[in-house]
Structure formats: C-alpha cells, structure tokens
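Novice: Sequence and computational prediction follow.
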Amino acid sequence: MNLFVRFREIYTMVANAVLARYPTCRFTNSFTYAPSQFPCVALVLSDDGTRYDTRDSSKQDKFRDITVTVDVFSNKADGKKTEAEDIMQIVFDTLFPLNFHQVSCRPASNMNNASIYRLTATFVATIDSNGTIYTRR
C-alpha cells in the first residue's frame, strides 16, 4: 500500500472525527501560520523515513517510521485554549487506536498574530508495506 494513500485515509478519519463535533473547522494538510478560518487543524505528514534494519534480500523496505505534526488554531475571544485542547483531544482519540504515539503537545507562539492560540503536537508510528500501523519502538 502506498504510504500517501494510507496517510489520506488517516487524514480523513481525523477530519471526520473533528468535524462531527466542530462542523465549521477548517482542515489543511500543509503547514500554516495564519489560517483564514477558525478553528483550524493542520495535519501534516512531516517526516517519513525508512527503517534501516528492516530491509530484506529483495532490497525493499518493509517498514517506515512516520511523523505526523498537528497544529490546532483557535481565535475565540473567550475559551480559545479550551477549544484548541478539546480539538486536540479528538485528534489524539482518533490517532491513538491507530497505534500512533504522542511525542509532544505544547502551545506554540504565533508571532504573526498573538490573538491566535496555537497548540502543536507530534505523533509517531511505524507503518509496514501493507499499510498496517505499529507503535514506534
């Protein structure tokens, strides 16, 4: 299975879960610093590397380590931190059963506009050539 096809499936699962609770949320699969609509979730495949120890005699990589970076933006006058944390929890609740491990989650400064609250998280996993996702070791 193509990694990018699998990533689109994961992206769609996360988007559907968030949109079920926040139907006006904007989704993007590219890094952004100033969203045009709020709340906004940027879910990006930020790293994809082969595992050197899993190549066999066919010279094919059987596993790849992937990193997904998620940015949640909110600009509510009151409760923007709560909204961003709630959306990030939905993202976590969707990725965790898929065997993604959360490496970090922290507020990020948004220099372009200080009135925007931005929460950034990084998730990692290992994916095999069939598209099965494993918790990264």
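Specialist: That came in fine, so what should we check first? Fair warning: this is a prediction, and the values are worked out from it, not measured in the lab.
Novice: Give me the contacts around stretch 24-33.
Specialist: 11, 15, 18-19, 35-45, 69, 71, 73, 87, 110-112 (C-beta atoms under 8 Å, 6 or more residues apart in numbering). Where you see a C-beta, it was placed from the backbone N, CA and C, and this is true even at glycine.
Novice: Which of these fall in strands?
Specialist: Cys40, Val41, Ala42, Leu43, Val44, Leu45, Thr69, Asp71, Phe73 (DSSP state E).
Novice: Most widely separated two among those?
Specialist: Leu45 and Phe73 (18.8 Å; C-beta to C-beta).
Novice: could you give the mean pLDDT of stretch 67-75?
Specialist: Averaged across stretch 67-75, pLDDT comes to 95.
Novice: from the chain's centre, how far out does that stretch sit?
Specialist: How far stretch 67-75 lies from its chain's middle: 7 Å, per C-alpha atoms, centre = their mean, to the nearest Å.
Novice: which residues are in contact with it?
Specialist: Residues outside stretch 67-75 that contact it (C-beta under 8 Å, 6+ apart): 10, 31-32, 35, 38-48, 80-81, 83-84, 87-88, 91, 95, 100, 103, 108, 110, 113, 115-125.
Novice: Now list the buried members of those residues.
Specialist: Buried members of these, scored by 16 or more other C-beta atoms under 10 Å, are 10, 32, 35, 38-45, 80, 83-84, 87-88, 91, 95, 100, 110, 116-125.
Novice: Can you give me the neighbour number for the closest residue to Met111 other than its chain neighbours?
Specialist: Nearest non-adjacent residue to Met111, counting by C-beta to C-beta, 6 or more residues apart in numbering: Tyr33, 7.8 Å away. Tyr33 has 14 neighbours, counted by other C-beta atoms under 10 Å.
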